[in-house]
Structure formats: structure tokens, C-alpha cells
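Enquirer: Pasted the sequence and its predicted model underneath.
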Amino acid sequence: MTRLREKYESATRDIQAPFAMVDLAAFRANAADLTRRAHGRPIRVASKSVRSRDLLRTVLDLPGYAGVMAFTLPEALWLATGDPEPLSDDILVAYPTADTDALAELAASPTAARVITLMVDDPAHLDLVSAAVARADRAPDAPPIRVCLDIDTSWQPLGSGMRVGAYRSPVRTPAQAAALARAVVRRPELELDGIMAYEGQIAGVGDAPPGRPLYGRILRAVQRRSAVELARRRAAITRAVRDVADLRFVNGGGTGSLHTTGRERAVTELAAGSGLYQPHLFDQYRSFRGRPAALFALPVVRRPAPNVATVLGGGYPASGPADAHRPPVPHLPGGLTYSPTEGAGEVQTPLIGEAARGLAVGDRVWMRHAKAGELCERFDTLHLIDSETGTYEGAVPTYRGEGRTFL
């Protein structure tokens, strides 16, 4: 760890903190590990976890990756038609949209319609898309708007009164999925393209929570049972929908579940993104160990006590339930923790511990965000470093750095 910190410091000595950094050696190693765990299934890269077009291109140039999973339709339109060239010719929007302006733009653009697939889980979504098509000045040979059915993956061992998993789609059974598929194919302006079933209770919840061994054992048992139930239901849903229409893809998985979902015969592709940066919430898995690739450096600006070093800023909590795991964590030097009475602050953050004694005003503390991608909403640039060679490899803009904020 000391040697790694020295490499980071040497490579960025001319950059003023605060700044964000991506370790390209770690990034590439994580990308290779994701494909290793995918069992040969192609991985659609989740753009919300990367939020930099340059780094998304880097991933898509690697073997084993194909297509993008965007998080909003305006983002997908930008990626599909952006200057200097489109990012991908296969972009799946992971969440339904009610953005009528963006739908109008999609309906009016044959180029975008050939690239983008929308997510739907309700006839109301179909109505919005059909209305946009009806209003658009489309050529007679314009392609239909492609849609993907989002499937509820929650585990409900005792029925709907006991739910393990996120509140996403209302479509849960093969009959419900087939009914929505029929509603799609009845509309000539639409084309059923695929199915997505993201098991967030497995892919995004670490099975080895620190300091909670009993809870970890219970969690692993729940995840095993959930995975078995979902594999059977996902296969049955796929069969029911294929009886209605052909499907180009069936998407599943995430960083934490590639190694299990990739074995399902019904699944044709996987999705992942967080594992590329390896934020600290993803340290809580037993099945894989990624390398921290995305960090941010904060300058020490105060020394209020011998064992306290105060850094500038740092209060960048991640989304999700308000708990002790949402703030960033001090990474380098090791041995630093938050003050229990202040935590990570908006404009300053006191860090305590023996390691603080060796820090002087102007030194840096390297931090890790809790979740991937969200860090890029705080910084407009990602500085690229290769920890294998200790060299600075340039800088790339985040979405924010290109003047784009989609949420």
C-alpha cells in the first residue's frame, strides 16, 4: 500500500487536489476478471457506473464486452448520436422513461431508433411511445421503436407480503410477461427486442458484510434460494415470451452475480459496471475481489490535533438507505477513520488515527467512493494513472465535464 501511494503521488505531483483519478492497471484487471466470471456470456457495460465516454470506449474495445446499458433516454440519445462518433450501435435504456421530449426525438430519428431499446413494464409506457411515434414526421420505412420487458426479480417466499429485492417491475409471472409481450406486438410501431431481469438483491448486495458474520450467513442462504427461484422463473418467462415473439437478447446479472447468472441457459447476455471501478461497497463479496480503480484525492488543510488531519471537502455520500456504509472511506494512507461526531463534511472532513500524525498541511488523502459512477457527478475530469508503470496517462472528461448531467 505504501508503494502504491508513492506511485499515485509521483504521477500526480503537478495536479492540485481535490481531483478524481482512475488507475488504468486496476481498471483493466477488473474488466478482465468480470469477463472471466461471465462464463463466455457477453457483458453489456452499465454506463451509470462509469459516466465517462472515453472510459466506456476503453471497456467496449476489450474482449467480452458488447453494448451499453444506459440509465436515461436523453443519455442514450447522446451516446447514440454524439460527436465525434456514436459510442455504440446497441444501447439498452435500463429504466422506463416518461420524458416526452426525448421520446419525440427518438421517434423522429431513424438512426437512434436502430440503436436504442427502451425499457417497459406497463402498458402506460407503450402508450407514451406510441403517442410519440404518432406525432413524429416519420418516413414510411422508418424502423419501429424497440422495447425490452423488465421483469421483477424479487424473492417472495411467502407471497407478496414478504419481499427480498428492489421495487422495480410489476411484471413477475410468465403469464404477465406474455400478456405485455402481446400488447407490444399488437402495435406495428413497436418491436419486442428483449427481456431484462436484474437480480439486485444478489448482484448489488455484498454477501460478506464486515463485522456481521451471522447476518452474512443468513444473507448468503437467502441469496442462494433467491437465485434458484429466479433461474427457474426467468427460464419460464423467457419461454412464454418467445412463444409470442422472437427475442434478440435476455439480459441478467450484475457485478456481484455474473458467476451464477452466466450459467443460466435462458440468459444470453449479462450487464456489469460497478466492478470496473470497484467502489468500497463491492469489497463485501466472498466470490471475487476487485482492485480499487477509482479514487479521489483530498488535500490536508488543517492539523487541529496531533492525531487529526482535516481535509478539504469529502462529504460525497452514495445513494441508497442512509447508513454507515454510504460515505466514502479513507484509503491511503491506511489507518484513518472519521471523527464520530463529524463524519464526512461538506467543506471539510477531520480524519483521525495514528496515520494522521504523519500528514502535513498540503499532503493528500486518497479516498474511495461507496458506489461506482456517482463520484463522476462531483468531478469534471478523471486523471488516468497506470500503477504498474507509475506513469500519468492523461485525463478524460466525465459526463459532467462534457456539460451533461442526466439525473
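Expert: Done, it's in.

Enquirer: so what's the residue nearest the centre of the chain closest to, chain neighbours aside?
Expert: Residue closest to the mean C-alpha point of the chain, counted by Cα atoms, centre = their mean, is Ser49 at 3.3 Å. Nearest-residue entry for Ser49: Gly273, 2.9 Å, with adjacent residues in sequence omitted and distances by Cβ to Cβ, 6 or more residues apart in numbering. (C-beta placed from N, C-alpha, C; glycine too.)

Enquirer: thinking again about what came up before, quick one: contacts for the residue nearest to the centre of the chain?
Expert: Ala272, Gly273, Ser274, Leu276, Tyr277, Ala372, Gly373 (Cβ atoms under 8 Å, 6 or more residues apart in numbering).

Enquirer: Show the residue spans covered by the helices in the stretch 251-400 of the chain.
Expert: Using DSSP state H, counting those that start in this stretch, the helices found in the stretch 251-400 of the chain span residues 258-261, 274-277.

Enquirer: which of the residues in the last one are buried?
Expert: Judged by neighbour count (16 or more other Cβ atoms under 10 Å), helix 274-277 contains these buried residues: Ser274, Gly275, Leu276, Tyr277.

Enquirer: Next: stretch 93-102.
Expert: Buried, per 16+ other Cβ under 10 Å, within stretch 93-102: Val93, Ala94, Tyr95, Pro96, Thr97, Asp99, Ala102.

Enquirer: contacts for it?
Expert: Applying Cβ under 8 Å, 6+ apart, the contact partners of stretch 93-102 are 46, 48, 69-74, 76-77, 103, 116-122, 125, 128, 131-132, 150, 196, 198, 271.

Enquirer: And that stretch, end to end?
Expert: 12 Å (Cα to Cα, to the nearest Å).

Enquirer: Now Glu346: closest residue in space that isn't a chain neighbour?
Expert: Nearest to Glu346 is Gly315, by Cβ to Cβ, 6+ apart, at 4.7 Å.

Enquirer: residues in contact with the residue nearest to Ser49?
Expert: Applying Cβ under 8 Å, 6+ apart, the residues near Gly273 are Val45, Ala46, Ser47, Lys48, Ser49, Val50, Met69, Thr255, Ala372, Gly373.

Enquirer: 7 Å instead, please
Expert: Going by Cβ atoms under 7 Å, 6 or more residues apart in numbering, Gly273 touches Val45, Ala46, Lys48, Ser49, Val50, Ala372.

Enquirer: So which of those residues belong to strands?
Expert: Taking DSSP state E, the ones among the contacts of Gly273 that sit in strands are Val45, Ala46.

Enquirer: Could you check how many residues crowd around Leu56?
Expert: 22 (other Cβ atoms under 10 Å).

Enquirer: if we can go back for a sec, closest to Ala179 among the contacts of Ser49?
Expert: Relative to Ala179, the closest of those is Ala272; by Cβ to Cβ it sits at 30.4 Å.

Enquirer: Could I get the contacting residues of the closest one?
Expert: Counted by Cβ under 7 Å, 6+ apart, Ala272 has contacts Leu34, Ile43, Ala46, Gly253, Gly254, Thr255, Leu258.

Enquirer: Give the burial count for Gly200, as a bare number.
Expert: By other Cβ under 10 Å, 15 other residues sit near Gly200.

Enquirer: which non-adjacent residue is nearest it?
Expert: Nearest one to Gly200, counting by Cβ to Cβ, 6+ apart, is Ala166 at 4.6 Å.

Enquirer: what secondary structure does the one you found sit in?
Expert: At Ala166 the chain is in coil, as set by DSSP: H, G, I helix; E, B strand; the rest coil.

Enquirer: confidence score at the nearest residue to Arg286 once chain neighbours are set aside?
Expert: Closest residue to Arg286 apart from its sequence neighbours, by Cβ to Cβ, 6+ apart: Ala208 at 4.8 Å. We have a pLDDT of 82 for Ala208.

Enquirer: Which of the helices or strands spans Ala208?
Expert: Under DSSP states H and E, no helix or strand contains Ala208.

Enquirer: List the contacts of it.
Expert: Gly216, Gln284, Tyr285, Arg286.

Enquirer: With that, I have no additional questions.
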